[in-house]
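Novice: no sequence for this one, just the structure:
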């Protein structure tokens, strides 16, 4: 499905997204492409739109072919059932291991008119940047130039969905789409306009709510972890350190077990591979300083234990080498994550 959509979005026009869950239709060769095109043609025909204006998305087990006949048999019923309040049904239908639906809405005045931005997402595992086994659809009635929309969307994705990790694993079917129909009738939004900033802020709110909901709903997750790295020479360095911590199984399991073993965080910082001056590195957890000037702080273990028992854990790292920063949101790694993924395909 990604190969088809990558070509179709180049035209800058899409009228519908057709999604199936349970089967990713990835690593299925020419037959998989044929299957996706067959579903696309059938759905476009029922919707009475050009096939090139329809996007197809799949999520589920990799390596299995789509049950095309079963899907085609249900398309007519789906189209007849379309209604203006169907967003909750659409979100629920594409969930796999998600525990709860993820929907976010913002309303505001942009370009002298009321506009709405609504987003839905599914995803709980295989969550790492460049998205993941994650589907995210955003819809707005704002009138906005296509180039401006593309620019803003990529900027917001970079600071939201491309800044989360549940398990450090990427998937084959990650997709993020934004559709704008212009029905709000606002003054057109273009890249050079100041009012585009208000649209960007609203879009950021929607995408941030959805992306953090994905982390909180991570497979087996019991903790929501915010990692902020500051004082880096470059954004790239800050990002490397943040992800080294976020994807460390030792850090994630310690947080799940509520074991304040902060030495694992320091080890992950060192394992990031960037050049460090150890005397300048600092670490705080939950606003409590635990390490600075190459030495541990004098803090009672019971206080750290109390912090680790909370549902939200904030980790702040100072590198002391510059003014660049980067934040990543992640979750812990629990027994349930192993159980869910040990028999996912069976």
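Specialist: Perfect, I can see it now. Every value quoted in this text rests on a predicted model; they were computed, and no experiment measured them.
Novice: where do the strands sit along this structure?
Specialist: Here the chain has its strands, by DSSP state E, at 16-23, 54-61, 102-110, 113-122, 135-140, 164-165, 175-180, 224-232, 282-285, 288-292, 295-296, 312-318, 324-331.
Novice: what about these, which gets the closest to residue 239?
Specialist: strand 324-331 (4.5 Å; Cβ to Cβ). Yep, even glycine has a C-beta here, placed from its N, CA and C like the rest.
Novice: So which residues of the stretch 151-300 of the chain form helices?
Specialist: Assigned by DSSP state H, counting those that start in this stretch, the helices in the stretch 151-300 of the chain fall at 196-216, 235-246, 249-256, 263-271.
Novice: Domains in this protein, by residue range?
Specialist: 1-82, 90-219, 224-342 (automatic domain parsing).
Novice: before we move on, the earlier item: okay, the helices of the stretch 151-300 of the chain in TSV with mean pLDDT and mean neighbour count next?
Specialist: Output for the helices of the stretch 151-300 of the chain, formatted as TSV (pLDDT from 0 to 100; neighbours: other Cβ atoms under 10 Å):
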stretch	mean pLDDT	mean neighbour count
helix 196-216	94	20
helix 235-246	96	22
helix 249-256	96	20
helix 263-271	97	18
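Novice: Reformat those helices as TSV; add distance to residue 55.
Specialist: Shown next, in TSV, are the helices of the stretch 151-300 of the chain (distance: least, Cβ to Cβ, whole Å):
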stretch	distance to residue 55
helix 196-216	18
helix 235-246	29
helix 249-256	34
helix 263-271	38
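Novice: between the ones you listed, which one is nearest to residue 334?
Specialist: helix 249-256 (4.9 Å).
Novice: check contacts around the closest residue to residue 287 other than its chain neighbours.
Specialist: The shortest distance from residue 287 to any non-neighbouring residue, by Cβ to Cβ, 6 or more residues apart in numbering, is to residue 314 (7.0 Å). Remark: with contacts taken as Cβ atoms under 8 Å, 6 or more residues apart in numbering, residue 314 is in contact with 225-226, 228, 285-287.
Novice: and with 10 Å instead?
Specialist: Neighbouring residues of residue 314 by Cβ atoms under 10 Å, 6 or more residues apart in numbering: 224-228, 284-288, 307.
Novice: Next one: the closest residue to residue 32 other than its chain neighbours, what pLDDT does it get?
Specialist: In space, and not counting its chain neighbours, residue 32 is closest to residue 25: 5.0 Å by Cβ to Cβ, 6+ apart. At residue 25, the pLDDT value in this model is 93.
Novice: what's the answer for residue 128, then?
Specialist: 47.
Novice: again with the one 4 residues further on
Specialist: At residue 132 the predicted local confidence, pLDDT, stands at 39.
Novice: Which pLDDT value goes with the residue most central in space within the chain?
Specialist: With distances taken as Cα atoms, centre = their mean, the residue of the chain nearest its centroid is residue 161 (3.3 Å). The model reports residue 161 with a pLDDT of 90.
Novice: and the gap between it and residue 136?
Specialist: 6 Å (Cβ to Cβ, to the nearest Å).
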